[in-house]
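Asker: sequence plus predicted model, see below.
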Amino acid sequence: MSDIKKLAGQTAVYGIPTIVGRFLNYFLVPLYTYNIATQDYGMVSELYAYVAFLMILLTYGMETAFFRFSQDYDKNKVFNTAMLSLLSSTALFLLVTFLCLKPITSALEYQEHPSYIVLFLLILAIDALKAIPFALLRRENKPKRFALIKTTDIFSNIIFNIFFIAICPALYKNGNALVVSWFNANDLVFYIFLSNLLASGIAMLLLLPEYKTFRFDFDKKLFKKMLSYGFPVMIGGLAGMVNETFDRIALKHLVSVPEGITSAKEIADWKMSQIGIYGACYKLSIIISLFIQAFKFAAEPFFFSKMKKADAKQSYSSVMTAFVLFLSLIFLVVMGYIDLFQYFMGKDYRVGIMVVPILLMANIFLGIYYNLSIWYKVTDKTKWGAIIALIGAAITLVGNAILVPQMNYMGAAITTLICYIAIAVICYLVGQKYYPVAYNVKRCMFYILFALGLYFVGNIARNNLSLVPTLAINSVLIVIFLCVAYKLDIKRMIKER
């Protein structure tokens, strides 16, 4: 239990700036969806999906390899080797992509908006070079500095977005000379991407002190080991990202167009609007995603630090139970108050609200998978991470190909749920063979099924009662869940040391 408390504390320190900042970033959803059309927001969702893939390629597992090999080698040598590798590969990436900018924009069908691609290439390069310095802060257990820079990054992005999307259009409309001369009120999407670039640049400047120990000290043997360790992580990450973001890319090519929409522009706008609606509704599952991200920041170094201790497996099991309990509670809270959460989106986006419970549940199983995946990391069998993720990617590709033409974005959401359940089950079964951990599977499944059961009860009330009684009933159901969880586990977690 002391391990759970320690990890909870580290998750809070690493995660609070991420959760609070991203939660505030969540308030950008109404800023976007009340000010830009669904098809324009579709471009935002689609390009961020591509960026997620490319970030994994550009870091090629070096972050995880840094954590792993800094346990056995001189930390500075590992840092220098990783940084020199990333500096070289990122420079090459920028050179090639800028030389091939025109064919890239044509392939992505962004010929009318090449500036979007330029901004994203620069964002990718900066973010790739930030990965190892951020990892160094986590490795040296400097959560306050980590939190400060992350918070600055997130808040800068929010401030720039508010300035460009809310303030500048108002000033432009009023004929303010300082704005009229340069601001393009007809292309707000450009300023969404520009805000990201400016915020990333500020964070990069704040990370410069982390480079003070950097030297041109490249260890070829160490690099080969890190690359060998990190490459399967990259493959697994790419396959995993197929699971996480391919649906937003697939919708553009697989979604069926209704009768009556015939012109090329109408078809393109309708497809992008479907991506925009789905992307906005996906944001409503962000609370679970935020907690998982914060947990990963703290859990990865924590799990590696425990790997050689006698009580490591017991700690992993206890952490899993607490993790599932908390995610199940988040699911119940979001769905209990979904009638309020939906107003964070513009009216045109709310037609896709039915995908939210499916995506929330999918993210619970994704979080379980992240917990289970520690076995192949501590045993240096990272190839299994790649294999499992590839299986998930195959499920995602086939599922989207079958379900999206029939069910549009609902098919994408169902495919995501099936995929995450599958990879979690496979990771558990294989892990029990190579690194058996006595997870409390029954308790974990109880919390998930209990939360689902209470959700269905609340949904019956939602379909038959007005807003206030529905919210009251769902509040009672959340209290019931907490009481049961307190009696089963929370009380013991609080008391035990």
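Answerer: Cool, got the structure.
Asker: what values do phi and psi take at Val257?
Answerer: When quoted as degrees, to the nearest 10, the phi and psi of Val257 stand at phi -90, psi 130.
Asker: near it, how many other residues are there?
Answerer: Per other Cβ atoms under 10 Å, the neighbour tally for Val257 reads 13. Where you see a C-beta, it was placed from the backbone N, CA and C, and this is true even at glycine.
Asker: need the contact list for it.
Answerer: 267, 270-271 (Cβ atoms under 8 Å, 6 or more residues apart in numbering).
Asker: what about 6 Å?
Answerer: Listed by Cβ atoms under 6 Å, 6 or more residues apart in numbering, the contact partners of Val257 are Ile267.
Asker: can you give me how far the helix or strand where Val468 lies is from the chain middle?
Answerer: Secondary-structure assignment from DSSP states H and E places Val468 in helix 467-485. Distance, stretch centre to chain centre, for helix 467-485: 28 Å (Cα atoms, centre = their mean, to the nearest Å).
Asker: for that helix, which residues meet the burial criterion?
Answerer: 470-471, 473-474, 477-478, 481, 485 (16 or more other Cβ atoms under 10 Å).
Asker: now stretch 351-361
Answerer: Buried-residue list, stretch 351-361, by 16+ other Cβ under 10 Å: 352-353, 355-361.
Asker: what separates it from the chain centre, distance-wise?
Answerer: The chain centre lies 16 Å from the centre of stretch 351-361; the measure is Cα atoms, centre = their mean.
Asker: check stretch 312-324 too.
Answerer: Put simply, stretch 312-324 sits 22 Å off its chain's centre (Cα atoms, centre = their mean).
Asker: so for that stretch, what's the average pLDDT?
Answerer: Summarised as a single mean, pLDDT over stretch 312-324 is 85.
Asker: export it as PDB, just CAs?
Answerer: This file holds the C-alpha atoms of stretch 312-324, laid out as PDB (Å, rounded to 0.1, in the frame of the first residue of the first chain):
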ATOM      1  CA  ALA A 312       7.600  -5.800  -7.200                       C
ATOM      2  CA  LYS A 313       4.900  -8.200  -8.400                       C
ATOM      3  CA  GLN A 314       2.700  -7.500  -5.400                       C
ATOM      4  CA  SER A 315       3.100  -3.800  -6.000                       C
ATOM      5  CA  TYR A 316       2.100  -4.200  -9.700                       C
ATOM      6  CA  SER A 317      -1.000  -6.100  -8.600                       C
ATOM      7  CA  SER A 318      -2.100  -3.600  -6.000                       C
ATOM      8  CA  VAL A 319      -1.600  -0.700  -8.400                       C
ATOM      9  CA  MET A 320      -3.800  -2.400 -11.000                       C
ATOM     10  CA  THR A 321      -6.700  -2.800  -8.600                       C
ATOM     11  CA  ALA A 322      -6.500   0.800  -7.500                       C
ATOM     12  CA  PHE A 323      -6.200   2.000 -11.100                       C
ATOM     13  CA  VAL A 324      -9.300   0.100 -12.300                       C
END
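Asker: now the buried residues of helix 467-485 in TSV, with pLDDT and distance to Met320?
Answerer: Listed next are those as TSV, based on pLDDT from 0 to 100; distance: Cβ to Cβ, whole Å:
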residue	pLDDT	distance to Met320
Thr470	90	33
Leu471	91	32
Ile473	93	31
Asn474	91	27
Leu477	95	24
Ile478	94	22
Phe481	94	18
Ala485	91	15
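Asker: nearest to Phe456, of those?
Answerer: Here the nearest of these to Phe456, counting by Cβ to Cβ, is Leu477; it sits at 10.1 Å.
Asker: okay, and Pro30 sits in which element?
Answerer: For Pro30, the enclosing helix or strand under DSSP H and E is helix 28-33.
Asker: which residues are contacting the helix or strand where Ser85 lies?
Answerer: Here Ser85 is covered by helix 75-99, with elements defined by DSSP H and E. The contact list for helix 75-99 (Cβ under 6 Å, 6+ apart) reads 62, 66, 69-70, 121, 125, 128-129, 132, 136, 213-215, 217-219, 222-223.
Asker: for stretch 219-231, same thing?
Answerer: With contacts defined as Cβ under 6 Å, 6+ apart, stretch 219-231 is touched by 60-62, 65, 68-69, 77, 81.
Asker: restricting to C-alpha, output it in CSV.
Answerer: Output of stretch 219-231 as CSV, limited to C-alpha atoms (Å, rounded to 0.1, in the frame of the first residue of the first chain):
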residue,chain,number,x,y,z
ASP,A,219,28.5,5.5,-27.7
LYS,A,220,27.9,3.2,-30.7
LYS,A,221,27.6,0.0,-28.7
LEU,A,222,25.1,1.6,-26.3
PHE,A,223,23.2,3.1,-29.2
LYS,A,224,22.8,-0.3,-30.8
LYS,A,225,21.5,-1.7,-27.6
MET,A,226,19.1,1.2,-27.2
LEU,A,227,17.9,1.0,-30.8
SER,A,228,17.4,-2.8,-30.4
TYR,A,229,15.4,-2.2,-27.3
GLY,A,230,13.5,0.8,-28.6
PHE,A,231,12.7,-0.4,-32.1
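Asker: next, Gly175: phi, psi?
Answerer: According to degrees, to the nearest 10, Gly175 has phi 80, psi 20.
Asker: which neighbouring elements make contact with the helix holding Val468?
Answerer: helix 312-336, helix 441-464 (3 or more Cβ pairs under 6 Å, 6 or more residues apart in numbering; DSSP states H and E).
Asker: may I see the buried residues of stretch 369-381?
Answerer: The neighbour-count check on stretch 369-381 (16+ other Cβ under 10 Å) flags 369-378, 381 as buried.
Asker: let me see the mean pLDDT of it.
Answerer: For stretch 369-381, the mean pLDDT works out to 84.
Asker: give the closest residue to Lys271 in space, chain neighbours not counted.
Answerer: Setting aside the residues directly before and after it, Lys271 is nearest to Lys252 in space (Cβ to Cβ, 6 or more residues apart in numbering), at 5.2 Å.
Asker: can you give me the distance of the one you found to Gly42?
Answerer: According to Cβ to Cβ, to the nearest Å, Lys252 and Gly42 sit 8 Å apart.
Asker: swap in Ile338?
Answerer: Where Gly42 is concerned, Ile338 sits at a distance of 23 Å (Cβ to Cβ).
Asker: do you know how far Phe27 is from Met345?
Answerer: Counting by Cβ to Cβ, the separation of Phe27 from Met345 is 11 Å.
Asker: neighbour count winner among the two?
Answerer: Per other Cβ under 10 Å, whichever of Phe27 and Met345 has more neighbours is Met345, with 23 against 12.
Asker: alright, I will stop here.
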